[in-house]
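Colleague: Provided below are the primary sequence and the corresponding predicted coordinates.
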Amino acid sequence: MDTAPLSSTQKSSPWWRRFLVASKRNNLYLWLELAFGAGLLFAIWSTWFTFTSAPPTGQFLPATQVAALLIGILIPAMGLLVLLGRRLALRRAAGSTPRLHVRLVFLFSVIAAVPTLLVAGFAALLFQLGVDFWFSDNSRGLMENARELAEGYYEQNQQDVANETVAMAGDVRFYLERSAVSDQGFAEFYAFQAQARDMTESAIFQQLEDGSLRTAAIYDLLVENEPLEFGARALPVLQNGDQVVVEGSPQRIASLAPIDRESGIYLYNARDSEAESFNYWERAQSINSSYESLTRRARALQLRFNLAILVVSLALISLAVWFALRFADRQVEPLTELVAAANKVGAGNFALRVAGRTSGDEIGLLNRAFNRMTSQLEKQNNELVSANRQIDDRRAFMEAVLESVTAGVISVDEGGKVLLMNSSAQKLLLGDTTDSALGLELCAFAPEIDRLVEGGLTSGIITQAKGDELLTLAVRVAPEKGGHVITFEDITSQLLDQRQAAWSDVARRIAHEIKNPLTPIQLATERLKRRYRKQIESDGDLFDELTSTIVRQVGDLRKMVDEFSSFARLPKPHFRNEDALDLVRQALFLQEVAHPQVNFRLDVDPSQDFSIACDRHQ
């Protein structure tokens, strides 16, 4: 089976154009939307399953795995956004060619998508690699060691407060054994003991018989009832034989030691959080608590960060698509209006002007150039209309002239086809037929004229048959660019007139020569009749008929010669009723006399009427 070779246009068609044609034919973009949608759902499910299954709580997922999951979501999501932008571009460009819309949206989307995808992947990797150490076993061990060190230091501080309280209780006991609490020097001694042992609060209270506590001495007590409340909690422990009771709180470390168990006198000391040792412990506790809270939320934070990267990336792509649509609208709308205006100008509306941007950018330059073009087209169109109107007027005048002249005019091209023929030429060559000869070959109906044209002659006289008539035509051929103009006239009547004029002159001379012997012939015949009629006895009727015929014919010839010599034409007939049988008998008699060797016979029906209207002399 033979196949036609591909055209040069088909051979040189680029691959991307063939791909676009094939994609439109097979509805590829719909399949891409479905594929991207399915891929996005699968990527979201995979990410959720990975974050909610393994590894154990408190550990990050591997950085490469998280980056792969993020990119796996971004690729189909970005593809869907790009295809959505394409759909919006097609909808916005309804009624016009959407190619530029789609190309701009695709270009901006790709320009925004590729860097965003790379940045998102690297950001996820860098974040994972940057924070992975802080959630590793080494970091967790470091924090545990710091916490244990702070707790040991705090416990050591508590032990120090307890030891200082026991020692201070011994010193106070030793002093009270020699003087009373009300002694003037006890206050100074007591304050010195508290300050020397770095105590922020101190108090001495006694348990009464009813079990209530009474404060005997205090030093810089911030909360008045605090020693009594702590003493109420610690006394049962001391009554069991312990030397000291220590209690730590976020505000202070308090201790209680007996001065004199039998008298129920006890010493209360407290060191608040402003102490440097206590601050170290409290800070370590806070840091360790925050770290534990952070490790419990490690995967949640990892998921939130990657979700933030995903949202920001998709927002950038959406912004790029929106900007591309806005930019395409701004750039394509003037071009669309320009195309519509060009179509209207192509339809003949040369007065149309574009009212869009006329700024210094390319669109403005294009609009101004279009308006200048339409102005020139309108001016030239008006000039052409005026010129065509003049040409039409001139053509109508020429057609009227050609129709009014009696000469035939034909215009033919180089191949001999008729381009123009006036009515005179139509009548002379084709008769009364109404069929147009335009487009016909000249040789088909005027071969003699065609021979003159083919022979390169500029003039000639030919004969042309017109029905039963044979016309004599005087032809002139004028060559012009692309063909010939042929003019011809019917000179048949002219030639006939010339012949008649020549015949008139000849006829006058002949008439003169004929008329001269007619009178002697008539006179001789009449004399013969008068002289010899009486002598002829037999065939007298025949003799009379012969002499009468001679006289009558001589008279007829004289009248005919007179008419001929006067008007150089045949005499005008004078019609009247005549006996056709008598006319036939006279004509037959002449023939019998002229041809005596021929036997003539006339058979007629006497009952019929042979009367006719005629001129018997003609």
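Modeller: Done, it's in.

Colleague: which stretch of helix or strand covers Leu420?
Modeller: strand 418-421 (DSSP states H and E).

Colleague: what's that strand packed up against?
Modeller: Contacts defined by 3 or more CB pairs under 8 Å, 6 or more residues apart in numbering; DSSP states H and E place strand 418-421 against strand 408-413. Bear in mind the C-beta positions are built from the backbone N, C-alpha and C, glycine included.

Colleague: residues touching the strand it packs on, excluding its own?
Modeller: Contacts of strand 408-413 with the rest of the structure, by CB atoms under 8 Å, 6 or more residues apart in numbering, involve 402, 418-422, 424-426, 428-429, 442, 446, 449, 453, 473, 482-489.

Colleague: mind redoing it with 7 Å?
Modeller: The contact list for strand 408-413, computed with CB atoms under 7 Å, 6 or more residues apart in numbering, reads 402, 418-422, 424-425, 428-429, 442, 482-488.

Colleague: quick check: buried residues in it?
Modeller: Residues of strand 408-413 classed as buried by neighbour count (16 or more other CB atoms under 10 Å): 408-412.

Colleague: possible to save these as JSON lines with pLDDT and distance to Phe575?
Modeller: JSON lines is the format used below for those (pLDDT from 0 to 100; distance: CB to CB, whole Å):
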{"residue": "Gly408", "pLDDT": "80", "distance to Phe575": "39"}
{"residue": "Val409", "pLDDT": "84", "distance to Phe575": "44"}
{"residue": "Ile410", "pLDDT": "84", "distance to Phe575": "45"}
{"residue": "Ser411", "pLDDT": "85", "distance to Phe575": "50"}
{"residue": "Val412", "pLDDT": "85", "distance to Phe575": "51"}
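
Colleague: and those, which is closest to Gln553?
Modeller: Nearest to Gln553 among these is Gly408, at 48.6 Å by CB to CB.

Colleague: report the spatially nearest residue to the closest one, omitting neighbours in sequence.
Modeller: Sequence neighbours aside, Ala425 is the residue nearest to Gly408 in space, at 3.1 Å (criterion: CB to CB, 6 or more residues apart in numbering).

Colleague: quick one: residues contacting that neighbour.
Modeller: Residues near Ala425 by CB under 7 Å, 6+ apart: 408-410.

Colleague: of these, just say which sits nearest to Leu30.
Modeller: Nearest to Leu30 out of the contacts of Ala425 is Ile410 (CB to CB; 67.1 Å).

Colleague: partners of the closest one in the sheet?
Modeller: Assessed by DSSP bridges, Ile410 has beta-bridge partners Met421, Ile486.

Colleague: name all residues that make contact with Leu149.
Modeller: Not one residue lies near Leu149 by CB under 7 Å, 6+ apart.

Colleague: tell me the secondary structure for it?
Modeller: Following DSSP: H, G, I helix; E, B strand; the rest coil, Leu149 is assigned to helix.

Colleague: what's the offset of the one helix or strand Phe305 maps to from the middle of its chain?
Modeller: Element membership for Phe305 (DSSP H and E) is helix 298-346. The chain centre lies 20 Å from the centre of helix 298-346; the measure is CA atoms, centre = their mean, to the nearest Å.

Colleague: show me what secondary structure element comes after that helix.
Modeller: helix 362-404.

Colleague: give the other helices and strands that that next one contacts.
Modeller: Packing partners of helix 362-404 (3 or more CB pairs under 7 Å, 6 or more residues apart in numbering; DSSP states H and E): helix 298-346.

Colleague: which helices and strands does the helix it packs on pack with?
Modeller: The contact analysis (3+ CB pairs under 7 Å, 6+ apart) places helix 298-346 against helix 63-92, helix 99-131, helix 362-404.

Colleague: so Ile211: helix, strand or coil?
Modeller: That one is not Ile; residue 211 is Gly. State at Gly211, reduced to three classes by three-state DSSP: coil.

Colleague: torsion angles phi and psi at it?
Modeller: The phi/psi pair for Gly211 (degrees, to the nearest 10) reads phi 90, psi 0.

Colleague: Trp45 - how many residues pack around it?
Modeller: Other residues near Trp45 number 10, with proximity taken as other CB atoms under 10 Å.

Colleague: now Trp322
Modeller: There are 14 residues near Trp322, going by other CB under 10 Å.

Colleague: hang on, the earlier thing: out of the helices and strands packed on helix 298-346, nearest to Phe189?
Modeller: Ranking the helices and strands packed on helix 298-346 by proximity to Phe189 (CB to CB) places helix 99-131 first, at 57.7 Å.

Colleague: I'm done for today, thanks for sticking with me.
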